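Asker: Sharing a model prediction with you, sequence too.
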Amino acid sequence: MTTSLFLPPQCFDHDTGYGHPECSDRLRSIEAILGAEAFVFLTRVSSGPATREQLERAHHSDYVSRIMAYDGCQGQVALDEDTLISSGSVEAALYAAGAACEAVDDVLTGRSRNAFCAIRPPGHHAEPGESMGFCLFNNAAIAALQARAVHHLTRIAVIDFDVHHGNGVQSIFWNDKTLFYASIHEDGGYPQTGPAEETGVADNIVNVPLRGGAGSDELRLAWTDRVAPRLQAFQPELIIISAGFDGHQQDYMAGLNYTTADYGWMTEKIVKIANACCQGRVVSVLEGGYDLPSLAASVGVHVKILMEV
């Protein structure tokens, strides 16, 4: 089986304005590197928008209605201090969440072994009833709940290596023992959540905050000692990756010092657990990553591992 790539063209139409770090050039840099000969065997898959039913598994109905009301809005609207939207933003968010759901469907029906969703806006900060941190709909959580509602899985894990804590995924998963969330992130960074003491009602949350300036050794120790044993004990039927690449030492959005090779290492570790637990079933969804050269290089090694391991 192959690795599927979801890159909806609608996601380019989310215009955040001049100078905003979460811009469409992020997808252009990814599209360029995944167009190289090394990725010729990636299966490019088209996808549609998420349905309201899919969105409302993770978000309150009134919140979905509030966001949908901005579809086609004139000019730019600030939903919060970080999150700007324009006329194409709602459609982009719908296609981002839709791609995540269709990637789950592809992987769980055996059409693909695993999948990478190059989508924006990102999602892991979006709360059930609140946009924040560039995020409108919580793509990773929506994907997990698609796997449960449609494919009847009972153990679904989200692994988040974005430099920022995924407060939205944590909030949605907090009370549910069938859902597992693990995050390795910078301590004290945006959104100032995710201390190790936040473990969920069912002890289904693992937070590993790293000191500012931490690099390869700390990342690998956090995975080996804190996250991998808990993930293996959970025995997931599907692993979803919140794949943020903004911990890279060249990225200006935070203060960790990961290398491009670290993202390959992390991806390989996750895929090997998936191979042992759940027939290699992995769906990776793009979150952060704002320095374009390091984003492209890191996505390249990430997808290469998905294709080969």
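Answerer: Now that the structure is in, tell me what you want to look at.

Asker: need the strands for the stretch 151-300 of the chain, in chain order.
Answerer: 156-160, 179-186, 205-210, 238-243, 282-286 (DSSP state E, counting those that start in this stretch).

Asker: Sheet-wise, list the partners of the first one with their directions.
Answerer: According to DSSP bridges, the neighbouring strands of strand 156-160, each with its direction, are strand 179-186 (parallel), strand 238-243 (parallel).

Asker: can you list contacts of the shortest one?
Answerer: In this structure, residues lying in contact with strand 238-243 by CB atoms under 8 Å, 6 or more residues apart in numbering are 104, 107-108, 116, 123-124, 140, 143-144, 147, 153, 156-162, 166, 169, 183, 231, 267, 270, 273-274, 277-278, 281-287, 299, 302. Yep, even glycine has a C-beta here, placed from its N, CA and C like the rest.

Asker: Please, where are all the helices along the stretch 151-300 of the chain?
Answerer: Counting by DSSP state H, counting those that start in this stretch, the stretch 151-300 of the chain has helices at residues 167-173, 216-221, 228-234, 260-277, 292-308.

Asker: Could you name the helices and strands sitting against the second one?
Answerer: Taking 3 or more CB pairs under 8 Å, 6 or more residues apart in numbering; DSSP states H and E as the contact definition, the neighbouring helices and strands of helix 216-221 are helix 260-277.

Asker: buried set for the helix it packs on?
Answerer: Going by neighbour count (16 or more other CB atoms under 10 Å), the buried part of helix 260-277 is 260, 262-271, 273-274, 277.

Asker: again with stretch 245-263
Answerer: Buried, per 16+ other CB under 10 Å, within stretch 245-263: 245-251, 253-260, 262-263.

Asker: Leu306 and Ala141: what is the separation?
Answerer: 21 Å (CB to CB, to the nearest Å).

Asker: To Ser47, which of the strands of the stretch 151-300 of the chain lies closest?
Answerer: strand 282-286 (12.2 Å; CB to CB).

Asker: circling back: let me have the helices of the stretch 151-300 of the chain in a markdown table, adding distance to Leu42 as columns.
Answerer: Formatted as a markdown table, these follow (distance: least, CB to CB, whole Å):
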| stretch | distance to Leu42 |
| --- | --- |
| helix 167-173 | 26 |
| helix 216-221 | 26 |
| helix 228-234 | 26 |
| helix 260-277 | 15 |
| helix 292-308 | 7 |
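
Asker: so where's the stretch 51-200 of the chain shaky on pLDDT?
Answerer: For the stretch 51-200 of the chain, applying pLDDT under 70 flags no range at all.

Asker: ok so, going back, ChimeraX command for the buried members of the contacts of strand 238-243?
Answerer: To isolate in ChimeraX the members of the contacts of strand 238-243 that are buried, counting by 16+ other CB under 10 Å, one can use:
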select :104,107,108,116,123,124,140,143,144,147,153,156,157,158,159,160,161,162,166,169,183,231,267,270,273,274,277,278,281,282,283,284,285,286,287,299,302
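
Asker: Farthest from the middle of this protein: give me that residue.
Answerer: Residue farthest from the centre of the chain, counting by CA atoms, centre = their mean, is Gln74 at 28.5 Å.

Asker: Could you find the closest non-adjacent residue to the residue nearest the centre of the chain?
Answerer: The residue lying closest to the centre of the chain (CA atoms, centre = their mean) is Ser242, at 2.7 Å. Nearest non-adjacent residue to Ser242, counting by CB to CB, 6 or more residues apart in numbering: Asp160, 3.8 Å away.

Asker: ok, the one you found - contacts?
Answerer: Taking CB under 8 Å, 6+ apart as the test, what Asp160 contacts is 124, 140, 166, 169, 181-185, 241-242, 244, 287.

Asker: what's the closest of those residues to Pro9?
Answerer: Glu287 (19.9 Å).
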